[in-house]
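J.: quick one, fold the following:
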Amino acid sequence: MTDFQKFYRNEGDYPQLDGEGACRRLSAAIACRTVNGTEGCDGEFAKLRQLVHDSFPAVSARAVTETVGRSLLIRIEGRDKSLKPALFMSHLDVVGVEAGTEGDWTYGPFSGEIAQGYIWGRGALDIKCQVFGVLEAAEYLLSRGCSPERDVYLAFGEDEETFNTGALAMAKLLESRGVQLEFLLDEGGGSIESGAVYCAPGVNVCQIHLAEKGYADLQLTAKGKGGHSSNPFGGSSLEHMAEAISAICASAQAAEMPKALEQCLRAIAPYVSEEPMKSLVQDIPGNAGAIMEYCSTVRELFPLTATTIAPTMISGGSPACNVLPQDITANINFRLIPGDSAEDLKRRCFSALEGMPVKARFTQANDPSRLSEASGYGYEKLLEAMRYYYDNVVFIPSISAGATDARQYENICSVCLRCAPFLSEAAETAGLVHGTNERISQRSYIQGLRVLIRIMESSCGFAAS
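T.: The predicted structure is shown next:
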């Protein structure tokens, strides 16, 4: 197991925290097969909700718990009604396990086995650790006779991995009740990575996601009559499809520096020690063009620079090398940078395809989330707690290329923070999220619990009643 001594600090805090019991409770949660669309999943969700009720008696006794569909919404009443509430959130569902790969797991994917210093199974990292971590933090404070100054909401959606309807339903319910949040904390980040890509070698960085990119899929269809390849009069359907895909990829716009990237670079700038970035970050606005050019050449930074365009699927080719194909279909996936919009993307794509013998339709197109500022009450409280428990790590604001439930709450919250506090080195968790042998180290989990207790305690004013 990786030695985290260089990162972890203040592990003696909260000596009454039942770390072993917390690991057992997470293990039991992992054993609930909350995979949407599978046989018996309704019963598995019900079993998980019952586990929450039974495992956290102080939360069950002192908070108001609502079941919204299969999601859970919990409210802990605060003392001062003039303060905006805080929301701590995650999701109950997990992705499935690819058929035929079950035997590749060291321990069963839904065993929740505690072994070799880890808790094993689907959801250990994504993201039952945060569901039960938030509940452990609330239970720790409530069971010691503390109550919060502001209202505290805990929200656990049922279908983040699929349709996000659970989070949307809870957000609309809160909106209908006139709730406006001070901040929310959802999943995101969680990896300690090398700062070398920013020209800051020797620096360890962890991202706090303040936004997420939008998502779109464009389906293309090119029709052909087939026939012998000796007479491709008018061009083949595959040729037309290739031209269409090329035109879409060429439609990428040279963007101005996104604000999300500027926020990120301002945070890492004091640690940059190598060129070309060492000179460039001295004047980020003035060197925006050169910075964008550099970032576009670095695999890890490229997604921060623009809306990405990725042809991902094509089908319908010819059955033989001397036969013209008939109908060809393809898909192009886009991840929209904050500042871009789904409508602008559609306009660019349809303009690029004008006059081509190809049909195009967007099967889905979602705008990026709003970008939260790298400042303010919630952000500072999160940053304070993370710095207190993790040493030799520079926390930088960034954006997520993946989707979370946080975006569903934007109508009632302007500060949406995405950062799971269970940190480990990226090399240790590479390929584990949604992959074989997903697991979380016990030490990482327990340290994350300390972070969550401190954030909840400090930001929500928990004190003895």
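J.: show me where pLDDT drops low in the stretch 151-300 of the chain?
T.: Nowhere does the stretch 151-300 of the chain drop to pLDDT under 70.
J.: where do the strands sit along the stretch 151-300 of the chain?
T.: All strands of the stretch 151-300 of the chain, identified by DSSP state E, counting those that start in this stretch, fall at 152-157, 183-186, 191-194, 204-212, 214-222.
J.: any idea which element the closest residue to Ala260 other than its chain neighbours lies in?
T.: In space, Ala260 comes closest to Ile399 once its chain neighbours are excluded; the distance is 4.5 Å by C-beta to C-beta, 6 or more residues apart in numbering. From N, CA and C alone the C-beta is placed, and that goes for glycine too. Using DSSP states H and E, Ile399 sits within strand 394-400.
J.: ok, residues contacting the helix or strand that comes right after that strand?
T.: Later in the chain than strand 394-400, the nearest helix or strand by DSSP H and E is strand 416-418. For strand 416-418, contacts defined as C-beta atoms under 8 Å, 6 or more residues apart in numbering pick out 183-189, 208-212, 369-370, 372, 378-379, 382, 400, 404, 406-407, 409-410.
J.: pull the distance from strand 416-418 to the chain's centre.
T.: From the chain centre to the centre of strand 416-418 is a distance of 9 Å (C-alpha atoms, centre = their mean, to the nearest Å).
J.: now it: average pLDDT?
T.: Throughout strand 416-418, pLDDT has a mean value of 98.
J.: buried residues in it?
T.: Buried residues in strand 416-418, counted by 16 or more other C-beta atoms under 10 Å: Cys416, Leu417, Arg418.
J.: ok, stretch 6-19 next?
T.: Result for stretch 6-19 [16+ other C-beta under 10 Å]: buried residues Phe7, Tyr8, Tyr14, Leu17, Gly19.
J.: leaving out sequence neighbours, find the closest residue to the last one.
T.: Leaving aside its chain neighbours, Gly19 sits nearest to Ile446 (4.2 Å; criterion: C-beta to C-beta, 6+ apart).
J.: how about stretch 256-267: buried residues?
T.: Across stretch 256-267, burial judged by 16+ other C-beta under 10 Å covers Met257, Pro258, Lys259, Ala260, Leu261, Glu262, Gln263, Cys264, Leu265, Ala267.
J.: show me what the nearest residue to Thr404 once chain neighbours are set aside is bridged to.
T.: Excluding the flanking residues, the one nearest Thr404 by C-beta to C-beta, 6+ apart is Asp186, at 5.2 Å. Assessed by DSSP bridges, Asp186 has beta-bridge partners Arg418.
J.: ok so, going back, Throw the strands of the stretch 151-300 of the chain into TSV and include distance to Asp104, thanks.
T.: Shown next, in TSV, are the strands of the stretch 151-300 of the chain (distance: least, C-beta to C-beta, whole Å):
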stretch	distance to Asp104
strand 152-157	29
strand 183-186	30
strand 191-194	23
strand 204-212	29
strand 214-222	29
